[in-house]
Every structure is written in C-alpha cells, then in structure tokens.
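A predicted structure for the sequence below; I have some questions about it.
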Amino acid sequence: MSEATEKAYLEAKKLYAKHGVDVDAALAKLADIKISIHCWQGDDVQGFLFRDKTLSGGIAVTGSYPGRASTPNELRTDLDAALALIPGKHKVNLHAIYADTDEEVDLDALEPRHFKGWIDWAKANGLGLDFNPTLFSHPKAEDGFTLSHTDPEIRKFWIDHCKASRRIAETFGRELGQPCVTNHWMPDGFKDTPVDRWSPRARLRDSLDEIFAEKIDEQYNIDAVESKLFGIGSESYVVGSHEFYMGYAMSRGKTVCLDAGHFHPTEVISNKLSSILMFTDQLLLHVSRPVRWDSDHVVTMDDELLEIARELVRGDLLPRTHIGLDFFDGSINHIAAWVIGVRNTQKALLRALLEPIEQLKQIEVEKDYTSRLALVEEFKSYPFGAIWDHFCDQAGVPVREDWLTQVKTYEKEVLRKRGQQSVMQ
Ligand SMILES: C[C@H](O)[C@H](O)[C@@H](O)C(=O)CO
Ligand SMILES: [Mn+2]
C-alpha cells in the first residue's frame, strides 16, 4: 500500500471510531458479501445457443462497442479480466442460452453436461454460479407469451425448459458447494389493455406449480420469481406482476426477486425489502438502474443504490438477501460496465456498514429528528473512500481508477483484436 493511502486510511479510521464505528468489523463483513455478476453484460444478452436470434422479450441492448464476447471461452476470459479488478470472491449468473456445447440442443433438452465448461471454470476460480431459464429470443416466445401461453404445447415446452434449468442449477449447487439461485423471469404480457387479465395469470400459476412440483433440495437450488411492471411490447399488462409474484412466492415458499428497474418511475425497491423479508426467508435483488423506458442501465452510486445498501445493513438483512446485478449497456466497454457496477454496489454497502447505526437508531427512538437528519447528512461526506482504497489494496486489486488502465490495455490487446461486430439490437 502506498504511504499516502495507508495514512488516509488510519486517519479515516479514527474519525469513524469517534462514533463507535468498528472499521475492521465493517471490512470483514464486506469481504463476506458475494455479488452475483450477470454474464449477459459481456455479450449484449446474445448467448451461444441461438447465435442468429435477435434479443426479444421486451428488453433491448443499444450500442455497438467493439469486442463483445462471442464464445464461452471469450466470455470467461472477459469475466476473469473483470474479476481481477473487483475485490472479494463472487458468483457468476448464467442464462440457459449460455450453454457451452457444440451440440444442437433446444432449451427443453438442456442438461447439466452442457454447462460443464462453466462448472469447471467456476471451481477453478472459487466462484459460485446462479442460473436463469431463458424464456425469450426463441421462436416459441415470438408472440410474447411463454408459460402463460394459450397453446398447451407451447406452455409444455417452456415448463420443460424451466424443469431442465432447475436440474442444471441443482448440479451447480452440488458441484460448487454453495446454493445456486435460479431466477424465473418471463416477458409474457400485452401491448394493449387486455379483456381478460385473469386467465393468463391462472395459466402462469399452474405452469409454475408444475415446474416446482419436482422436489429439489434447497441446499443446492433456490427458486426465485421476478416481476415486472412493463416491457417494450407489454406496456399495458404483464402477467407476472409484482402482486402476482408476491402472492405466488408467499403461498409457495419461493423467493421474490426485486429488480430495481421494474417498478413505477418514482417507486423504489429499497422501501420494500423490510416488508418482504418480514414474511419470507430470503430475497433476490437485481440491482439495476432505470432510465426512462429502460430498466437496465449500469449501476451508479445514486441515492437508490445507497438506500438499498442501508436497508440491507441497518435491518441486518444481508444474510437473507442474494444480491445480483442486472444491466446491459452495449455502448461502453463491456468489462468496464461490470467493474463499475460491482464496485459501486460494494462501495454503497461499505458506506452503509460504516454508519453509526446503533447511535442513529437510538436518536430516532428519542425522537431527536434534528440530530438524525444532521448526522445522516454529515456521514455522507465521511471519508469512506480511504477505507475503500485500503480494502481494494488488501484484496490485491487496483486502488481507485487504476483499474481503468488495465481495462484499456485489455481492450487494446484482446477486445479490439476480435474485430468489429454489429450488436445493435
Ligand atoms: C436477462 C434477464 O433475465 C432480464 O434482464 C430479467 O432479469 C429482467 O430484468 C427483464 O427485464
Ligand atoms: Mn432483472
């Protein structure tokens, strides 16, 4: 560590200690938090199974930054490059379309062996894996309906795909010694106001019940369900709404997934965490950033990210929350996007861990709202950056923006040599 970094760290530590904040304990907690890094930022949600299919499902990637991964090996090499710039040991979140196989296999016939390359790589790198069935970018999802489709044949195809996905996830969990979270998200919905809101939801409920009827040990696989308010082409009605999945998860013992970009523009997920975890065991987060119509911009250190982190820390909700990221930006360096998103999420958690929580809670109980506001505001400018620099240094990853130099070198030596691909979706 440079002398200046060390000095700044020791000075900062003294300031926090004045308020009874144990910086070492905060850093130990931070080191234990795994972030699930979504593989799909690395290739603009293209996957490897259906290379000629364009992205569907009411989500979109814009931008054509050169060098996106187009093979499993390239994607893993890119993830290696990003992970080298991120402190701690994490998880990687795969979608079914990222199968590593030369076989021509459809989604309903996928098996754990099609993901052997990922399992071997995760094992070698001490990483966990999470999973998602892919219910989009496929001919059988072309009219925007999957598990709630009116055609029983199409529903069966997607039910079989989700069943296959849970078996793959179970293998991930068993092989890697840590549970795999399998998140079920599907785009089903109508562009315009439907006449019948009930029937698609009844069909979705029944399809999910059939998928989850197969017992899989929760030690290896945790099932989550992700709602959405609207997508492109499903502006008026989404079958899997927030209320639908709240009810479904609560009644079936499943895990709710909250995506920060899936609610009304002024509605925030930070205010939902304590309510949901009051009544369920676990929660999955898709940390993202909505911007107007888009739910998936790269995570920045904005107010909502900080508030999510504070809720998790102040409510002691971290042990019951799986933190995943979900964004895809094709207009910037794909590796930098991962690094920015993960490091920001970690930094927000550190800021929350460095707050004098007991003192603030006591002040609130005493109804001294003036001191509450004053202290919370003052703590926003406490020198958490010096503590973060120390954490990065101890973890052997670049301090501050030094990581960008490595990304630029990687771009020059690896990404630019892959050639210019057109990725505008
Ligand atoms: C690719 C993911 O499954 C997708 O982003 C989903 O999680 C989502 O948020 C869709 O809007
Ligand atoms: Mn999501």
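That came through, no problem. Ligands and ions are numbered 1, 2, ... in the order given.

and the residue of the stretch 301-425 of the chain that's closest to ligand 2?
Relative to ligand 2, the nearest point of the stretch 301-425 of the chain is residue 326 (3.8 Å; Cβ to the ion). For the C-beta atoms, the positions are set from N, CA and C on the backbone; glycine is no exception.

what is the burial count for that residue?
Using other Cβ atoms under 10 Å, residue 326 has 28 neighbouring residues.

what's the answer for residue 138, then?
21.

check contacts around it.
Shown in contact with residue 138 (Cβ atoms under 8 Å, 6 or more residues apart in numbering): 50, 53, 56, 107.

distance check, it against residue 153.
Distance, residue 138 to residue 153, by Cβ to Cβ, to the nearest Å: 14 Å.

residue 319 too?
Shown here: residue 319 relative to residue 153, a distance of 43 Å by Cβ to Cβ.

so residue 301 sits against residue 350, correct?
No - taking contacts as Cβ atoms under 8 Å, residue 301 lies outside contact range of residue 350: 11.1 Å.

can you pull the pLDDT of residue 277?
With respect to pLDDT, residue 277 scores 98.

give me the number of residues near it?
For residue 277, using other Cβ under 10 Å, the count is 19.

for it, list the residues it contacts.
Contacts of residue 277 (Cβ under 8 Å, 6+ apart): 283, 315, 317, 320, 321.

host element of the nearest residue to the third one once chain neighbours are set aside?
This points to residue 317. Nearest residue to residue 317, sequence neighbours excluded (Cβ to Cβ, 6 or more residues apart in numbering): residue 277, at 5.4 Å. Here residue 277 sits within helix 273-279, counting by DSSP states H and E.

and the helix or strand that that helix is followed by, what's its mean pLDDT?
Per DSSP H and E, the first helix or strand lying C-terminal to helix 273-279 is strand 283-287. Mean pLDDT, computed over strand 283-287, is 98.

just to revisit the earlier point, give me the number of residues near the closest residue to the residue of the stretch 301-425 of the chain closest to ligand 2 other than its chain neighbours?
Closest residue to residue 326 apart from its sequence neighbours, by Cβ to Cβ, 6+ apart: residue 286 at 3.8 Å. Other residues near residue 286 number 26, with proximity taken as other Cβ under 10 Å.

which residues touch residue 286?
183, 226, 257, 258, 259, 260, 261, 262, 324, 325, 326.

any idea which of those has the most stuff around it?
Neighbour-wise, the contacts of residue 286 (other Cβ under 10 Å) top out at residue 326, 28 neighbours.

correct me, but it touches residue 296?
Yes - contact status for residue 326 versus residue 296: in contact at 6.3 Å, counting by Cβ under 8 Å.

can you pull out the strands in this protein?
With DSSP state E, the ranges of strands along the chain come out as 35-38, 91-95, 128-132, 180-184, 189-190, 221-226, 237-238, 255-259, 283-287, 289-291, 294-297, 321-325.

could you dump those to a markdown table with distance to residue 371?
Shown next, in a markdown table, are those (distance: least, Cβ to Cβ, whole Å):
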| stretch | distance to residue 371 |
| --- | --- |
| strand 35-38 | 33 |
| strand 91-95 | 39 |
| strand 128-132 | 41 |
| strand 180-184 | 40 |
| strand 189-190 | 47 |
| strand 221-226 | 39 |
| strand 237-238 | 43 |
| strand 255-259 | 31 |
| strand 283-287 | 31 |
| strand 289-291 | 32 |
| strand 294-297 | 36 |
| strand 321-325 | 29 |
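
where among those is the average confidence lowest?
Least confidently modelled of those is strand 294-297, at a mean of 94 by mean pLDDT.

so which elements touch that strand?
If contacts are counted by 3 or more Cβ pairs under 8 Å, 6 or more residues apart in numbering; DSSP states H and E, strand 294-297 sits against strand 289-291.

so which residues make contact with the strand it packs on?
Contacts with strand 289-291, where a contact means Cβ under 8 Å, 6+ apart, come from 260-261, 263, 265, 296-300, 302, 304-305, 327.

just stretch 146-154 next, same as before
With Cβ under 8 Å, 6+ apart as the test, stretch 146-154 has contacts from 135-136, 140, 143, 145, 155, 158-159, 162, 186-188, 200-201, 203-204, 207-208, 211, 239.

picking up where we left off before, kindly indicate which of the contacts of residue 277 lies nearest residue 354.
When the contacts of residue 277 are compared for distance to residue 354 (Cβ to Cβ), residue 315 wins out at 16.4 Å.

touching, the closest one and residue 273? I think so.
Yes - checked against Cβ under 8 Å, the pair residue 315 and residue 273 is within contact range at 6.9 Å.

these two - which one has more neighbours?
Neighbour count, other Cβ under 10 Å: between residue 315 and residue 273, residue 273 has more, with 21 against 15.

tell me the confidence at the residue lying farthest from the centre of the chain?
Here the chain reaches farthest from its C-alpha mean at residue 366, the gap being 37.6 Å by Cα atoms, centre = their mean. Note on residue 366: pLDDT of 98.

one more: residue 2?
86.

how about the one 10 residues further on?
What the model reports for residue 12 is a pLDDT of 98.
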